[in-house]
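Trainee: Have a look; sequence and predicted model below, questions after that.
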Amino acid sequence: MHNLNFKPKAFLFDLNGTMINDMEYHTLAWYSIMTEDLGAKLDYENVKKEMYGKNHEVLERVFGKDKFNAEEIERLSIDKEKRYQEGYMPHLALIEGLDDFLERTKEANIPMAIGSAAIPFNIDFVVDGLNIRRYLDAIVSADDVKTSKPDPETFLKAAAALNITPEDCLVFEDAPKGVESALNAGMPCIVLTTTHTIEEFEGYPNILGYITDYNDAKLNTLF
């Protein structure tokens, strides 16, 4: 970690790939819909590269803006989330060490929020399925923002909800676009290497360090 003296006043968590290691199941759900149902000529790795932002943004990046109308996008989005939840449900779990980290943060009176591009349907699936709502002081979902990451709106709204200045927040992220969002919000970031390699984060000056899970001893410096 680059700045051992940084003592955050709030922790902001992305959800997918950051609190839970589920991005494979999002990708599998989209891959199934895009290739089997919609006939896209994409391999798994190309679908994986599009796994950020809102569902309609994913569809627009792959198929173009005018391919689907609003009703079709809604139907495809619901279908995708149902497939994701069905696939991931047997594996639903916090990333290793996060349960203890959340409890320690709560005991230290450091407020916490989720800032995610997920819709409430999926956030509730995770938060209530894992019984962690009691740790969270705010949740910002896809429905709460106009512009997705890497725009800073998600994290700025989360900080505002906690009444903490952006520079005093620490973001936990797993994706380059999320790190870029934190950078645009003026926030330092710790990266979970659950879905991307360290090499994919080159050039982001706001990264304080990389962890594989929340048992990493580097996190002790935050308290």
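Mentor: Received, thanks.

Trainee: quick one: the strands in this protein?
Mentor: Along the chain, counting by DSSP state E, strands occupy 10-13, 112-115, 138-140, 169-173, 189-192, 207-211.

Trainee: Make a markdown table from the ones you listed and add mean neighbour count and distance to residue 152 to it.
Mentor: Just so you know, the C-beta spots here come from the backbone N, C-alpha and C atoms, and that holds for glycine as well. Rendered in a markdown table, the data for these read as follows (neighbours: other CB atoms under 10 Å; distance: least, CB to CB, whole Å):
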| stretch | mean neighbour count | distance to residue 152 |
| --- | --- | --- |
| strand 10-13 | 25 | 11 |
| strand 112-115 | 26 | 10 |
| strand 138-140 | 21 | 12 |
| strand 169-173 | 26 | 10 |
| strand 189-192 | 25 | 12 |
| strand 207-211 | 18 | 16 |
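
Trainee: With respect to residue 84, which of the ones you listed lies nearest?
Mentor: Ranking the strands of the chain by proximity to residue 84 (CB to CB) places strand 112-115 first, at 17.2 Å.

Trainee: Quick check: chain neighbours aside, which residue is closest to residue 93?
Mentor: residue 20 (6.8 Å; CB to CB, 6 or more residues apart in numbering).

Trainee: right, and that neighbour touches residue 126 too?
Mentor: Yes - at 5.8 Å, residue 20 counts as touching residue 126 under the criterion of CB atoms under 8 Å.

Trainee: list residues touching both of those two?
Mentor: Counting by CB atoms under 8 Å, 6 or more residues apart in numbering, the contacts common to residue 20 and residue 126 are residue 92.

Trainee: ok so, going back, the residue nearest to residue 93 and residue 49: what is the separation?
Mentor: 20 Å (CB to CB, to the nearest Å).

Trainee: ditto for residue 137
Mentor: Residue 137 is 33 Å from residue 49, where distance means CB to CB.

Trainee: Of those two, give the one with the bigger neighbour count.
Mentor: Neighbour tally, residue 137 and residue 49, criterion other CB atoms under 10 Å: the higher count belongs to residue 137, 17 against 11.

Trainee: Please give me every residue in contact with that one.
Mentor: Contacts of residue 137 by CB under 8 Å, 6+ apart are 111-113, 161-162.
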